[in-house]
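Chemist: could you work out the structure for the sequence below:
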Amino acid sequence: MSTRPSGPAPATPGPGKVTLPDLVDLKRRGQPIVMVTAYDYPSGVVANQAGVDVVLVGDSAAMTVLGHDSTVPATMEEMLLLTRAATRGATHPLVVADLPFLSYQLSDRDAILNAGRFVKEAGADAVKMEGAGQTLERIRAVTASGMPVMGHLGLTPQSATALGGFKAQGRSTETALGLLRDARAVEAAGAFALVLECVPAPVAARITERLSIPVIGIGAGVGCDGQVLVYHDLLGLGTGRAPRFVKQYTNLHDQAVTAVTAYSREVRERHFPAAEHTYAIAEDELDAFEEALAPANPVIE
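Modeler: Numbering: from 1, shown residues only. Sure, this is the predicted structure:
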């Protein structure tokens, strides 16, 4: 029988739950916003206790947790399950959930209903949508329904194939100006914040200066109002080549392999479990048990 892992209860650092006005105030004061992904209760607790401002339950879970090679296969049910778990641990940060591919693109109705499920069923504070164009209509519809929306421009993983792969965006005058126009349109549509992914740092800085909403960068330089990294990337939990913009702060993958290898060796050599890992029985109870097992007293037959 398994039991829930022991450990401290989720901490609630600071004065309380982070709100949308808090993020605007951080931008106004020039205080960088800290955002990280989380996909389950333990990662939500880590983000909570580390005091981050925003947790993103990203559809990057399709790659980091579910083993796919893109974000596209993530489903509503999978994302709802992960969001419910993460929100139980992340009680202080603002929690934003990614609307997965095809959960909002087809109609305003789909966007409203699916965003509502994240808020009502999973406890998310807001949702995130990728792109501009037709997505602007969806942002307007969802925000008009009373649910906050975070935008996402630059490299948009759900449409990476159309962009020519996982490549930096806005590297020419024309495309950089296009990003600025799209960013302004996302803001005008009602988004409370914007993620810029894989955009040249000077371009991202200029876009950030021209928006009143917070801009969170990932591979977009220090001139944004904040930064986001994928939980597994910064902790070194992946096995593939990390993107250029990732800084790995530790290597938990190698540590985990070392630990599980040591466990395997000790099990095979009968060094684990040792006496301190087992439970005792009183001598008289053990004697009675052994006597009951004697051939002359087959009580278990």
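
Chemist: neighbours of residue 238, how many?
Modeler: Using other Cβ atoms under 10 Å, residue 238 has 16 neighbouring residues. The C-beta positions use only the backbone N, C-alpha and C, and glycine is treated the same way.

Chemist: so who does it touch?
Modeler: By Cβ atoms under 8 Å, 6 or more residues apart in numbering, residue 238 lies in contact with 64, 232, 253.

Chemist: quick check: phi and psi on it?
Modeler: phi -90, psi 170 (degrees, to the nearest 10).

Chemist: state the distance from it to residue 284.
Modeler: 55 Å (Cβ to Cβ, to the nearest Å).

Chemist: check residue 18 too.
Modeler: Using Cβ to Cβ, we find residue 18 at a distance of 59 Å from residue 284.

Chemist: burial measure for residue 32, as a count.
Modeler: Per other Cβ under 10 Å, the neighbour tally for residue 32 reads 16.

Chemist: to clarify, my last question referred to residue 275.
Modeler: Counted with other Cβ under 10 Å, residue 275 comes out at 6.

Chemist: test my guess that residue 92 contacts residue 50.
Modeler: No - contact criterion Cβ atoms under 8 Å: residue 92 and residue 50 do not qualify, at 9.9 Å.

Chemist: who has more neighbours, those two?
Modeler: Between residue 92 and residue 50, counting by other Cβ under 10 Å, residue 92 is the more crowded of the two (22 against 13).

Chemist: quick check, pLDDT for the more buried one.
Modeler: The per-residue pLDDT reported for residue 92 equals 97.

Chemist: got it, and residue 162?
Modeler: Predicted confidence (pLDDT) for residue 162: 57.

Chemist: quick one: low-confidence residue ranges for the stretch 151-300 of the chain.
Modeler: Applying pLDDT under 70 to the stretch 151-300 of the chain picks out residues 160-166, 298-300.

Chemist: could you list the domains of this protein?
Modeler: What automatic domain parsing lists as the domains of the chain is 20-252, 255-292.

Chemist: which parts of the stretch 151-300 of the chain are helices?
Modeler: 173-189, 201-209, 231-234, 252-268, 283-292 (DSSP state H, counting those that start in this stretch).

Chemist: of all the ones you listed, which lies closest to residue 138?
Modeler: Closest to residue 138 of the helices of the stretch 151-300 of the chain, according to Cβ to Cβ: helix 173-189, at 8.6 Å.

Chemist: what's the closest one in contact with?
Modeler: By Cβ under 8 Å, 6+ apart, the residues outside helix 173-189 that reach it are 131-133, 135-137, 139-140, 143, 151, 153-154, 169-170, 194, 196, 199-200, 203, 206-207, 210-213, 215.
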